[in-house]
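Asker: Sequence and predicted model, in that order:
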Amino acid sequence: MSVNPMAYEAQFFGFTPQTCMLRVYIAFQDYLFEMMLVVESVILKKLEAFPECRIGPFQIRKSTEKFLLFMKERFDKLFSKMEEVLLQLVLNVPKNVLLPEDKAHAQHPCSTEEFQALQDEIGQLQQQCRAEAGAGQALRAELEEQKAVRAELEKILQWFDGLENICREHGTGNLKESFAFLTQNSKKLQDVLKDVEEKSRKIKKHDQLL
C-alpha cells in the first residue's frame, strides 16, 4: 500500500485513496477465499460419484490451500500494479487543479512571514481572551462577595431599626442614650443573676446539712 498521505485527494473525495484501495483489496481477497470453498465443495461432490477414487477430503483441502496460496501470490502482484495505476490516474488530483474551497488562498496568497505573523496575532488574541475571561470571573466573584456583605449590612440596619423602636417604646429616642439604657439594664440583670445564683448555692448547702 502507498505511504503517501494524499491529503488533498482526501479533501476532494472525502476519504483517503489508500483506504479505498484497502477495502477493494479485502473485498477481492474475501471473494477469492469464498470461491476456493465453492470449488472445494464441488470437487468433493464430484468425487462422491466415484467411490473407487482414493482421494479423500483431507487431500482435497490440502490441495485447495496450495492453490489458494498460489492464487493469492499472483493476486497480490496484480493488485500492486492495479493500485499504482489507480492512485496515479484515477484517485489523484493533478498538481495544477485547485479545489473550489481553496480558491481564496490563490486570490489572496500570503508569504511564510505573513502566515507566521497571523499565527502570532492569533496567539496574542487567544491570550487576551483568556485574560479577559479570568478577569470577568474575578469580577463575578467580587460581585457575589459584595452581595453577601450587603445582605449582612441590611441585617445590621434592620437590627438597629428594631433596637431604635424598642428604645422609643421605653422613652429613649437617642441612640446613645439607648445604649446607655441597655448597658444599665444589662448590669441590673447581671446583679439579679448573681443574686439568684448566690441564693441557689445557699439553698443547696442548707439541703446538704439537713
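Answerer: Alright, I've got the coordinates. All figures in this text were calculated on a predicted structure; none of them were measured in a lab.

Asker: hey, let's count contacts and neighbours off CA atoms from now on
Answerer: OK.

Asker: Tell me which residue is most central in the chain.
Answerer: Closest to where the C-alpha atoms of the chain average out (CA atoms, centre = their mean) is residue 130, at 18.9 Å.

Asker: can you tell me how far it sits from residue 124?
Answerer: Taking CA to CA, to the nearest Å as the measure, residue 130 falls 10 Å from residue 124.

Asker: and residue 83, how many residues sit next to it?
Answerer: The burial metric for residue 83, expressed as a neighbour count using other CA atoms under 10 Å, is 21.

Asker: Can you tell me the element it falls in?
Answerer: Assigned by DSSP states H and E, residue 83 belongs to helix 57-89.

Asker: How is residue 95 assigned, secondary-structure-wise?
Answerer: Using DSSP: H, G, I helix; E, B strand; the rest coil as the criterion, the local structure at residue 95 reads coil.

Asker: Over to it: give its phi and psi.
Answerer: According to degrees, to the nearest 10, the main-chain angles of residue 95 amount to phi -60, psi -30.

Asker: same check, this time on residue 111
Answerer: phi -80, psi 170.

Asker: contacting residues around it?
Answerer: For residue 111, the contact set (CA atoms under 8 Å, 6 or more residues apart in numbering) is empty.

Asker: cool, the one 5 residues further on as well?
Answerer: Residue 116 makes contact with no residue under the criterion CA under 8 Å, 6+ apart.

Asker: low pLDDT regions in the chain?
Answerer: In the predicted model, the chain carries pLDDT under 70 at residues 1-5, 104-108, 160-161, 163-164, 166-189, 192, 199-200, 202-210.
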